[in-house]
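Participant: Just the structure for this:
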Amino acid sequence: MVESRPEVEVRRSARRRRTVDAHREGSTVVVNIPASMSRAQERHWVEEMLQRLERADARRRPGRRAGDADLGDRADALARAHLDPIAPDGAWPRPASVRWTKPMRTRWASCTPADATIRVSEKLREVPGWVLDHVLVHELVHLREPRHGPAFRAAEAAYPRSERAIGYLEGLAAGAGLPITETDGEPDEAPAED
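Facilitator: I've put the predicted structure just below:
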């Protein structure tokens, strides 16, 4: 897949002596450079700053380009890092599959423990990595704990940013007017997909 290059605006400043920076303004990337730079230096720094923004985006929004295999690898790494150490038998159950799915009406993701499958809503492709990680840990915990009881909450808390991610998701749902909620004590089930 070939991705189009964003529109770039170069702003030269006589006050700027050595530093170069870049930021986004809507769909445009603005690159600030010293006025004294040559056109060759400008081209170099525009390319460099576009690459830096791309790397930063990949760190902050890992779901943006991730395929199902990437999502599965991420879930496995999270299980090893956060859940295996608290598993009574030394290893947390692994999902048979983890995949992106079209947006769900009432959930960010779902897990079917009977066949060990996890589905993650495409709506989460744009969230920060730590939010996606919480959602994956939440669903991984369902492989052992089908209900949102005390044992579930204790295991979910093994991911250190869970509370913060829950707040982020609640704000995201409220801001978008989505009916996404979680009910303690009720199992996640396979959603009726749109």
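Participant: Have a look at this structure and report the helix or strand with the lowest mean pLDDT.
Facilitator: Lowest mean confidence among the helices and strands of the chain (mean pLDDT, DSSP states H and E): helix 39-60, at a mean of 85.
Participant: Which positions in the helix or strand following that helix come out as buried?
Facilitator: Where DSSP states H and E defines the elements, the next helix or strand beyond helix 39-60 is helix 68-78. For helix 68-78, burial by neighbour count (16 or more other CB atoms under 10 Å) applies to 71-72, 74-76, 78. Placement of C-beta: from N, CA and C, glycine included.
Participant: for the record, mean pLDDT for helix 68-78?
Facilitator: The average pLDDT within helix 68-78 is 92.
Participant: which is the next helix or strand following that helix?
Facilitator: With DSSP H and E, the next secondary element past helix 68-78 is strand 97-101.
Participant: So for the helix or strand just after that next one, mean pLDDT?
Facilitator: Going down the chain from strand 97-101, the next helix or strand is strand 109-112, by DSSP H and E. In this model, strand 109-112 carries a mean pLDDT of 95.
Participant: Given strand 109-112, what are its sheet partners and their directions?
Facilitator: Strand 109-112 has the following strand partners under DSSP bridges: strand 117-121 (antiparallel).
Participant: If you compare the directions of the strand it pairs with and strand 97-101, what angle comes out?
Facilitator: Calculated by axes from the mean of the first three to the mean of the last three CA atoms, to 10 degrees, strand 117-121 forms an angle of 20 degrees with strand 97-101.
Participant: Can you show me the CA trace of strand 117-121 as CSV?
Facilitator: Taking C-alpha atoms only, strand 117-121 is exported to CSV below (Å, rounded to 0.1, in the frame of the first residue of the first chain):
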residue,chain,number,x,y,z
THR,A,117,-10.8,-15.7,20.0
ILE,A,118,-10.4,-12.0,20.6
ARG,A,119,-11.9,-9.3,18.3
VAL,A,120,-10.8,-5.7,18.5
SER,A,121,-12.9,-2.9,17.0
